[in-house]
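Kindly return the folded structure for what I paste below:
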Amino acid sequence: MKYIIVSFLIAAMGFCNPKCDESTLTDAFTFPENMSDFIPYDNEDKFTLVHNSGTEIQFEVYRNSTVETDGCDHCCDYYTYEREQMFIVADYPFYDIESNIYAREENTFNYGIAIGREYFSLNEDMEMVDSVKINNQYFYDVLKLKSNSYSEEYESEIDSLYYNYSSGILKIIQENGDTYEIQ
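Next up is the predicted model:
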């Protein structure tokens, strides 16, 4: 009986881990040529958000552009895709902010922003606001985003995010009514 079990395990390992003589690139997803129109920040850009109490919080942007590889565990095919990450760091205790953009099929891309535990997708359920006046300045083609994070483990801390492709983060509204607005 012991020999049957050992033989079965050896055979199963052989079926689960196919040997590839050569991997095959099946797709290479790249950003559309106008991708820079959707990324408002350059590496080491700085901007300020002002809390409704008057506290000014300085942010600095760090960008990272890569080409990633992915595929399935049980086949020899793989694909590549371009990825753009932005880490937005505050000089004050604030939420971590990270933006990720992934190239997908047919010149499309996934674009999301994480602020703390909240995630905002720029792909679905977007509400377009014609214009918004913030600190005596008008911003146009503004997206009002609600968090896509659904968890019963914690209460949502951020109500909404105002964002546009030319200026980036314009306004953050917390559930408790606190606001952070671009200066």
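
which stretches of this structure form helices?
2-16 (DSSP state H).

could you show me where the strands are in it, in order?
Remark: strands assigned in the chain by DSSP state E are 24-29, 46-51, 56-71, 77-90, 97-103, 109-115, 118-121, 127-134, 137-146, 158-164, 168-174, 179-182.

Please name the bridge partners of Val129.
Val142 (DSSP bridges).

one step back: can you put the strands of the chain in CSV and add mean pLDDT, distance to Met35 and mean neighbour count?
For the C-beta atoms, the positions are set from N, CA and C on the backbone; glycine is no exception. Compiled in CSV, the strands of the chain are given as follows (pLDDT from 0 to 100; distance: least, C-beta to C-beta, whole Å; neighbours: other C-beta atoms under 10 Å):
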stretch, mean pLDDT, distance to Met35, mean neighbour count
strand 24-29, 86, 12, 13
strand 46-51, 95, 21, 16
strand 56-71, 92, 10, 14
strand 77-90, 91, 8, 17
strand 97-103, 91, 8, 19
strand 109-115, 89, 7, 19
strand 118-121, 88, 17, 19
strand 127-134, 84, 20, 12
strand 137-146, 91, 17, 16
strand 158-164, 91, 16, 20
strand 168-174, 95, 15, 20
strand 179-182, 96, 23, 20
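
Can you say which of the ones you listed is nearest to Pro40?
Pro40 sits nearest to strand 168-174 of all the strands of the chain, at 3.8 Å, using C-beta to C-beta.

Name every strand pairing with that closest one and say which way it goes.
strand 158-164 (antiparallel), strand 179-182 (antiparallel).

Give me the distance from stretch 170-182 to the chain's centre.
Offset of stretch 170-182 from its chain centre (C-alpha atoms, centre = their mean, to the nearest Å): 20 Å.

got the CA positions of it in CSV?
Presented in CSV, the C-alpha positions along stretch 170-182 are these (Å, rounded to 0.1, in the frame of the first residue of the first chain):
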residue,chain,number,x,y,z
LEU,A,170,-7.7,67.8,-6.0
LYS,A,171,-9.7,67.0,-2.9
ILE,A,172,-10.1,64.2,-0.3
ILE,A,173,-13.3,64.1,1.9
GLN,A,174,-13.2,61.9,4.9
GLU,A,175,-16.2,60.3,6.5
ASN,A,176,-15.9,62.5,9.6
GLY,A,177,-16.2,65.6,7.4
ASP,A,178,-12.6,66.6,7.3
THR,A,179,-11.3,67.8,3.9
TYR,A,180,-8.0,68.1,2.2
GLU,A,181,-7.8,70.4,-0.8
ILE,A,182,-5.1,71.2,-3.3
